[in-house]
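**Student:** Please find the sequence and the predicted model below.
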Amino acid sequence: MAHRKILLGSTLVLAAAMGFTAAYAQNKPAAPAGGAAAPAAEAKPTCKLHGKACCDPTVTAHLAKDAVFKACGESDATFLGEAGAKDDCKYFFKVQGEKEDDTYVDVYAPAQKEVPPQPTDPFFSYKKAGKVLVTDKAKSPKAAPMLASATGLYYPAKGYFVSVRASTKVCTKPEATKLAASIK
């Protein structure tokens with residue numbers, strides 16, 4: 001009896017591998033007229049992906065990739081793609097000799113009822129650059145390498161804030177300060 005089960009199971013696996021399931025598919029009942037249609041094909045992304053999802057337009061409205069291109073000297077040729085998450089968008093760029101995970105401009109723009117006028121950051125002090133606050137100094141020696149690797153920008157607004165972390169490999173500190181003017 002056990003040999004029959006193994007033989008039957010092997011036959012079914014072999015039949016499926018050889019395409020005999022197509023005969024079953026041909027004998028399936030047709031969808032009722034005017035009834036449910038076939039499942040829609042998965043939608044193609046509308047962006048150049050570098051993650052699982054495109055960035056949400058409500059986040060990119062605060063800092064568009066074209067503004068990053070202009071301020072940081074990047075282009076479509078160096079743009080690897082974007083990775084979107086809730087309230088967050090990361091733009092990735094190709095920089096010779098650097099890992100892709102370290103060459104980004106990250107935009108975080110959550111909705112909030114009460115927005116602090118400045119970041120509550122225990123690691124860095126900020127200075128004003130127009131309407132935006134820019135990381136200025138590390139408050140401890142351990143935070144200094146983080147400040148050297150990325151520039152932080154903070155823009156408080158009514159009902160939301162925008163926080164940008166720009167890798168210094170993509171956007172130097174002067175370029176990031178120039179980028180601050182594009183934040184909405």
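**Tutor:** The structure has been received and is ready for your questions. Numbering: from 1, shown residues only.

**Student:** CA atoms for contacts and neighbours, from now on please.
**Tutor:** OK.

**Student:** End to end on stretch 134-149, go ahead and measure it.
**Tutor:** Its first and final residues considered, stretch 134-149 spans 14 Å by Cα to Cα, to the nearest Å.

**Student:** which residues are in contact with that stretch?
**Tutor:** 122-128, 151-154, 167-169, 177 (Cα atoms under 8 Å, 6 or more residues apart in numbering).

**Student:** Does residue 51 touch residue 83 like I think?
**Tutor:** Yes - in this structure, residue 51 is within contact of residue 83 by Cα atoms under 8 Å, at 4.4 Å.

**Student:** Those two: who's more crowded?
**Tutor:** A side-by-side neighbour count of residue 51 and residue 83, using other Cα atoms under 10 Å, places residue 83 first with 20 against 14.

**Student:** Quick check: that one vs residue 77, distance?
**Tutor:** Here residue 83 is placed at a distance of 17 Å from residue 77 (Cα to Cα).

**Student:** contacting residues for residue 82?
**Tutor:** With contacts taken as Cα under 8 Å, 6+ apart, residue 82 has the following neighbours: 47, 48, 49, 50, 51, 53, 54, 55, 89, 90, 91, 92.

**Student:** residues touching residue 68, list them.
**Tutor:** Contacts were defined as Cα under 8 Å, 6+ apart; by that measure residue 68 touches 74, 105, 179.
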